[in-house]
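In: Below are the sequence and a predicted model for it; my questions follow.
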Amino acid sequence: MTITLSDQDKNTLRIAAYGAVTLMTAAGAAGKPREIATHGSIALGSATGLIGHVLADYPKAKDLTGKSVAEIAGRVLPALTAAMNLLKQQDPAEAGNFRSAVLIAVETAQMQQGRPSPAAAAMARKITEALDAAGAAAADSGAVPAAAAGQDRPELRKAIEEIVESGFVGVSLRVHDERGEWAGSAGVAELGGTAKPPVNGHARVGSNTKTFTATLVLQLVAEGKIELDTPAADYLPEFGLDERITVRMLLQHTSGLFNFIGEVYEDGSIVHGIPVPFGTTGKEWVDNRFHTYRPEELVRLALSKPPRFEPGTGWSYSNTNYVLARLLIEKVTGHSLAEEMQRRILGPLGLSGTVVPDASPEIPEPHAHIYYRYEEDGRQKTIDITRYNPSWVSTGGDMISTSQDLHTFISALVGGKLLPAALLAEMCTTRATGVPNMDYGLGVYVQKTDCGGTVITHNGGNVGSFTLMYSTPDGGKTLTAVLNWVDDADLSIAPALQNARQRLVNEVFCGEQADPAQPAD
């Protein structure tokens, strides 16, 4: 029988596998390996609902007679490999998502145990071996999944290869358009290595975090828990905010609040905030990159500095606005931002590769590496900074995601799946930023392309990496990408980065094969 998986089926498989494998990996630590492995098998088989029959060996897995965790794994794991094989046939990119979800579950379960467990290690090894045996390794190797039309995209392949040649360590790109899906990568995942960046690897997505956060605030507006034009001080009285600053101004960067990472003024003068990887504080940031900042600390630092302008009279990009948005969410809901993000956005959309890390320096596998170069004792030194504490930027840009998850998120957002139509219109209603053809709404830029179309975007720069997220206003065409490089205090990559970003946007939204996006109403 031929089985065709819908997008919902794929998400269901991914989520079911995550839950099942978490149970299975925890088997040894709980002291009841057979019982927990049974529950894991049942979870994977039954949670897939109408597509449970694709897991060919599921009935056998119910009879778990093995005495060791490793033996039990050998009976349970055929369900995983059956799912992997089906996904590899129908959607190679989704097979990569499935593998990532399973491995994250393994890692999470091991971390939750709090101590090494030989039984859990044996289970983790068995799970990984099963996935690789199903051919999943190709999904993370940089190989190009087939497009829906069964064709490669040589113009996209050429673009990312030439971007790498211009000075980047690695690039991964994902495009969804009228020709289907294309994903590929170029360069290397790690200096000195030969493996390409994973096509659906995890990355620090920088200020794309702001779009997620603004969406969450607007969901609370839809529920009547927040009002856009109410003073933010009414919700957060403890900071003594200017009463003229509204919630809308926070999301739109019109509050005038000092950016806690520092400000560069029109006359060229600089007022420093916390140490950042750029300018004169680069080495200080490197030395203290595992330091934890609390959101309240960042806000109070910003409020100790003079504002850039009177509330509502100008536009200036400030991370302080979105740290306040985080605190607002937490005050109104009584839950952490991570909990609300999972409940309202990540869970419903099946974004299993997306993480709100708070102060954790970890980034899930698979991922490419990022680097920083600086001078010490008169010599240039390059270090791997893939692991660092992102609390220095907080909700201004701390989230981790994948190109597939970003595609799913932005297409769902502009497609009206996350917000009522009236609030989505508010989000995309812009004011001038001073940057030509790039106006700002509530957590999104609305940008004119070189060919006269319109895209909804944000993008996110972080030390050593940059993440692109673009969509046409109807969500029908998206571009998501991750670019990694060796960063430095002088931002020497900046010209090449601007060229690379523009190159990809033009290839996808202005190429000969694509109709220009139509302006939003």
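Out: Thanks, I have the structure now. Numbering: from 1, shown residues only.
In: in the stretch 51-200 of the chain, what spans have low per-residue confidence?
Out: 51-80, 82-83, 85-151 (pLDDT under 70).
In: Show me where the stretch 151-300 of the chain has its strands.
Out: Here the stretch 151-300 of the chain has its strands, by DSSP state E, counting those that start in this stretch, at 170-177, 180-187, 203-204, 263-264, 270-271.
In: I'd like those strands as TSV, with distance to residue 162 and mean neighbour count appended.
Out: C-beta: built from backbone N, CA, C; applies to glycine. Listed next are the strands of the stretch 151-300 of the chain as TSV, based on distance: least, CB to CB, whole Å; neighbours: other CB atoms under 10 Å:
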stretch	distance to residue 162	mean neighbour count
strand 170-177	10	26
strand 180-187	9	23
strand 203-204	21	30
strand 263-264	31	16
strand 270-271	35	12
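In: out of the ones you listed, nearest to residue 454?
Out: strand 170-177 (15.4 Å; CB to CB).
In: who does that closest one pair up with?
Out: strand 180-187 (antiparallel), strand 478-484 (antiparallel) (DSSP bridges).
In: Output it in PDB, but only the C-alpha positions, please.
Out: Provided in PDB are the C-alpha atoms of strand 170-177 (Å, rounded to 0.1, in the frame of the first residue of the first chain):
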ATOM      1  CA  GLY A 170      29.800  27.800   5.900                       C
ATOM      2  CA  VAL A 171      26.300  28.600   4.500                       C
ATOM      3  CA  SER A 172      23.100  26.600   4.600                       C
ATOM      4  CA  LEU A 173      20.000  27.700   2.700                       C
ATOM      5  CA  ARG A 174      16.400  26.600   2.500                       C
ATOM      6  CA  VAL A 175      13.900  27.800  -0.100                       C
ATOM      7  CA  HIS A 176      10.200  27.100  -0.500                       C
ATOM      8  CA  ASP A 177       8.500  28.400  -3.600                       C
END
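In: rewinding a little: export the strands of the stretch 151-300 of the chain to JSON lines and tack on distance to residue 196?
Out: What follows is the strands of the stretch 151-300 of the chain, written out as JSON lines (distance: least, CB to CB, whole Å):
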{"stretch": "strand 170-177", "distance to residue 196": "7"}
{"stretch": "strand 180-187", "distance to residue 196": "5"}
{"stretch": "strand 203-204", "distance to residue 196": "14"}
{"stretch": "strand 263-264", "distance to residue 196": "36"}
{"stretch": "strand 270-271", "distance to residue 196": "39"}
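In: what number of residues lie near residue 510?
Out: Using other CB atoms under 10 Å as the criterion, residue 510 is surrounded by 16 other residues.
In: Offset the numbering so it begins at 610, please.
Out: Yes, from this point I'll number from 610; that puts the last item at residue 1119.
In: confidence score at the residue nearest to it when sequence neighbours are not counted?
Out: Using CB to CB, 6 or more residues apart in numbering and skipping residues adjacent in sequence, the residue nearest residue 1119 is residue 1060, 3.7 Å away. At residue 1060, the model reports a pLDDT of 91.
In: So residue 1060, which state does it fall into?
Out: When classified by DSSP: H, G, I helix; E, B strand; the rest coil, residue 1060 comes out as coil.
In: and it, how many residues sit next to it?
Out: 14.
In: With the one 5 residues further on instead?
Out: Per other CB under 10 Å, the neighbour tally for residue 1065 reads 26.
In: Then the one 10 residues further on?
Out: Residue 1075: 25 surrounding residues under other CB under 10 Å.
In: from what I can see the residue nearest to residue 1119 touches residue 1116, true?
Out: No - taking contacts as CB atoms under 8 Å, residue 1060 lies outside contact range of residue 1116: 11.2 Å.
In: re the thing from before, out of the strands paired with strand 779-786, which gets nearest to residue 916?
Out: strand 1087-1093 (33.3 Å).
In: Now do the contacts for residue 1036.
Out: Residues near residue 1036 by CB atoms under 8 Å, 6 or more residues apart in numbering: 823-824, 827, 1028, 1050-1053.
In: And the helices in the stretch 960-1109 of the chain?
Out: 1012-1023, 1030-1036, 1103-1118 (DSSP state H, counting those that start in this stretch).
In: Switch those over to JSON lines; also include distance to residue 892 and mean pLDDT.
Out: JSON lines is the format used below for the helices of the stretch 960-1109 of the chain (distance: least, CB to CB, whole Å; pLDDT from 0 to 100):
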{"stretch": "helix 1012-1023", "distance to residue 892": "32", "mean pLDDT": "96"}
{"stretch": "helix 1030-1036", "distance to residue 892": "39", "mean pLDDT": "97"}
{"stretch": "helix 1103-1118", "distance to residue 892": "19", "mean pLDDT": "95"}
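In: Tell me which of the ones you listed sits most buried.
Out: helix 1012-1023 (a mean of 25; mean count of other CB atoms under 10 Å).
In: angle of that helix against strand 789-796?
Out: 140 degrees (axes from the mean of the first three to the mean of the last three CA atoms, to 10 degrees).
In: And the pLDDT for the closest residue to residue 782 other than its chain neighbours?
Out: What sits nearest to residue 782 in space, not counting adjacent residues and going by CB to CB, 6+ apart, is residue 1090, at 4.5 Å. In this prediction, residue 1090 carries a pLDDT score of 98.
In: Residue 1075 and residue 1100: what is the separation?
Out: Note on residue 1075: its distance to residue 1100, by CB to CB, to the nearest Å, is 11 Å.
In: Ok, residue 1041 next?
Out: Taking CB to CB, one finds residue 1041 at 25 Å from residue 1100.
In: The two: which has the busier surroundings?
Out: residue 1100 (15 against 10).
In: Let me know how buried the closest residue to that one other than its chain neighbours is, in neighbour terms.
Out: Using CB to CB, 6+ apart and skipping the chain neighbours, the partner closest in space to residue 1100 is residue 887 (5.7 Å). Neighbourhood size, residue 887 [other CB under 10 Å]: 16.
In: Return the per-residue confidence for residue 887.
Out: As predicted, residue 887 sits at a pLDDT of 91.
In: what residues are up against it?
Out: Per CB under 8 Å, 6+ apart, neighbours of residue 887: 1098-1100.
In: Try it again at 10 Å.
Out: Taking CB atoms under 10 Å, 6 or more residues apart in numbering, we find residue 887 in contact with 870-871, 894, 1072, 1096-1100.
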